[in-house]
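>>> the sequence and its predicted three-dimensional model are supplied below.
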Amino acid sequence: MIIYNVTVSIDSNVADEWLQWMKEVHMPEVMGTGYFLANQICRVMGEEDTGGTTYAVQYTCRSVEDLQEYQRDHSPALQQKVNERYAGKYASFRTMLEIVGVNVERKDQE
């Protein structure tokens, strides 16, 4: 399995609106392409104050081939929507992560 990670630093002036838009519009559009099994968005903690907030937006897919097909056929149009809405207010970079192990510990509550 592969995680497609998009790290985004968004200007503090639009961060709350951006987060809501990501959750309600953009991430559902990405999931609607059918290439991803799950997603999550995480706020990066403990960073230097740069006038913005940094998030890691993560999408899980089955294979590198699925991710490459998504990037070729869908990503450019979806990225363009983000840029049209938030041009000059964010910086981002993308990484591909291979899941090599998962260990979930569950502690039952008493």
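Perfect, I can see it now. Numbers count the residues shown, from 1 in each chain.
>>> centre-most residue in this structure?
With distances taken as CA atoms, centre = their mean, residue 57 lies nearest the centre of the chain, 2.0 Å away.
>>> mind checking how far that one is from residue 19?
Here residue 57 is placed at a distance of 10 Å from residue 19 (CB to CB, to the nearest Å). C-beta coordinates here come from the backbone N, C-alpha and C atoms, glycine included.
>>> between these two, what contacts are shared?
With contacts taken as CB atoms under 8 Å, 6 or more residues apart in numbering, residue 57 and residue 19 have residue 41 as neighbours in common.
>>> for my notes, confirm residue 93 occurs in a strand.
Yes - counting by DSSP: H, G, I helix; E, B strand; the rest coil, residue 93 falls inside a strand.
>>> which ones are touching it?
Remark: with contacts taken as CB under 8 Å, 6+ apart, residue 93 is in contact with 6, 7.
>>> show the pLDDT at it.
The pLDDT attached to residue 93 in the predicted structure is 95.
>>> which residues in this structure form helices?
Chain-ordered helices for the chain, with DSSP state H as the definition, fall at 15-21, 27-31, 64-73, 75-86.
>>> can you lay out these as CSV showing distance to residue 96 and mean neighbour count?
As requested, the helices of the chain are exported to CSV (distance: least, CB to CB, whole Å; neighbours: other CB atoms under 10 Å):
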stretch, distance to residue 96, mean neighbour count
helix 15-21, 23, 15
helix 27-31, 15, 15
helix 64-73, 6, 14
helix 75-86, 12, 13
